[in-house]
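**Student:** Fold the following and give me the result.
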Amino acid sequence: MARHFDLTYDYLCPFARNANEAVVDALEQGANWSVTFRPFSLQENHNGPEETPVWDVALDADMGSGVRALLWSLAVRDSFPDSFTRFHVSMFSARHDQALDVGDEQVIRDVVADVGLDVDAVSQAVATGVPQRTLESEHSALVETHEVFGVPTFIVESEAVFVRVMDRHNVEDVKRIVDMLGWVNLNEFKRTRIPQ
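**Tutor:** Below is the predicted model:
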């Protein structure tokens, strides 16, 4: 039976890119995992209580960093699931390899086209407002149920673990993380500085 876990993402975070890319690599190599990729808005996480939640901002307004990309990712994940991992990795690449603004709708449209999806069909899925409600419900559930505060966070049942994956495409690292998720005797293991 496949091992199921959730993995959070926001395209703004390089550590989320490292973890999500490696998980996709592992899946492509045949890892017996069932993964649900969950959006977590770093913009919303940094908003103050008096600010409008990112999922309530009009689609044609300035949504803040990374939010528009999350909405398009949800449209792809939920309406075109067979293309999600290609889109997902390509969106991280646009942000971190090409240094593009993933808040710019044209950048997102280009990624959608590059992975072979119908741009208008994905745009229509975003325009329904369903991805905004999905972002609201999934982000809120991550905070309320698991006290998620950042990305990437790996979640198995009631256990949630925030991890900073240092290397790209390191499948062995993410396999080790997944194996450790059930080891609850260790609460925190954090280096005091990042090795150079």
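**Student:** continuing past the helix ranked longest in the chain, what's the next helix or strand?
**Tutor:** Using DSSP state H to define each element, the chain has its longest helix at helix 130-146. Downstream of helix 130-146, the first helix or strand assigned by DSSP states H and E is strand 153-156.
**Student:** May I have the strands that pair with the helix or strand containing Ser34, each with its orientation?
**Tutor:** Ser34 belongs to strand 33-39 when assigned by DSSP H and E. The strands beside strand 33-39 in its sheet (DSSP bridges) come out as strand 3-9 (parallel).
**Student:** Can you give me the buried ones in the partner strand?
**Tutor:** Phe5, Asp6, Leu7, Thr8, Tyr9 (16 or more other Cβ atoms under 10 Å). (Each C-beta comes from the backbone N, C-alpha and C, glycine too.)
**Student:** so where's this structure uncertain?
**Tutor:** The model of the chain has pLDDT under 70 over residues 196.
**Student:** in it, which spans are helices?
**Tutor:** Going by DSSP H, the chain shows helices at 14-28, 42-46, 67-79, 84-96, 105-114, 119-127, 130-146, 171-180.
**Student:** Contacts for stretch 135-142, please.
**Tutor:** With Cβ atoms under 8 Å, 6 or more residues apart in numbering as the test, stretch 135-142 has contacts from 8, 38-41, 44, 53-56, 67, 70-71, 74, 148, 153, 155, 160.
**Student:** quick one: that stretch to chain centroid distance?
**Tutor:** Between the centre of stretch 135-142 and the centre of its chain there are 12 Å (Cα atoms, centre = their mean, to the nearest Å).
**Student:** swap in stretch 179-194?
**Tutor:** 21 Å.
**Student:** likewise stretch 68-75?
**Tutor:** On Cα atoms, centre = their mean, the centre of stretch 68-75 falls 10 Å from the chain's centre.
**Student:** I only care about the contacts of stretch 135-142 that end up buried; give me the ChimeraX line for that.
**Tutor:** When burial is assessed using 16+ other Cβ under 10 Å, the buried subset of these is captured in ChimeraX by this command:
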select :8,38,39,40,41,44,54,55,67,70,71,74,148,153,155,160
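**Student:** ok so, going back, out of the buried residues of strand 3-9, the closest to Met91 would be?
**Tutor:** Set against Met91, the nearest of the buried residues of strand 3-9 by Cβ to Cβ is Tyr9 (9.2 Å).
**Student:** and Glu44, how far is that from His146?
**Tutor:** 15 Å (Cβ to Cβ, to the nearest Å).
**Student:** residues in contact with the residue lying closest to Gly116 once chain neighbours are set aside?
**Tutor:** Leaving out its chain neighbours, the residue that sits closest to Gly116 by Cβ to Cβ, 6 or more residues apart in numbering is Ser83, at 6.9 Å. Remark: with contacts taken as Cβ under 8 Å, 6+ apart, Ser83 is in contact with Val76, Val115, Gly116, Leu117.
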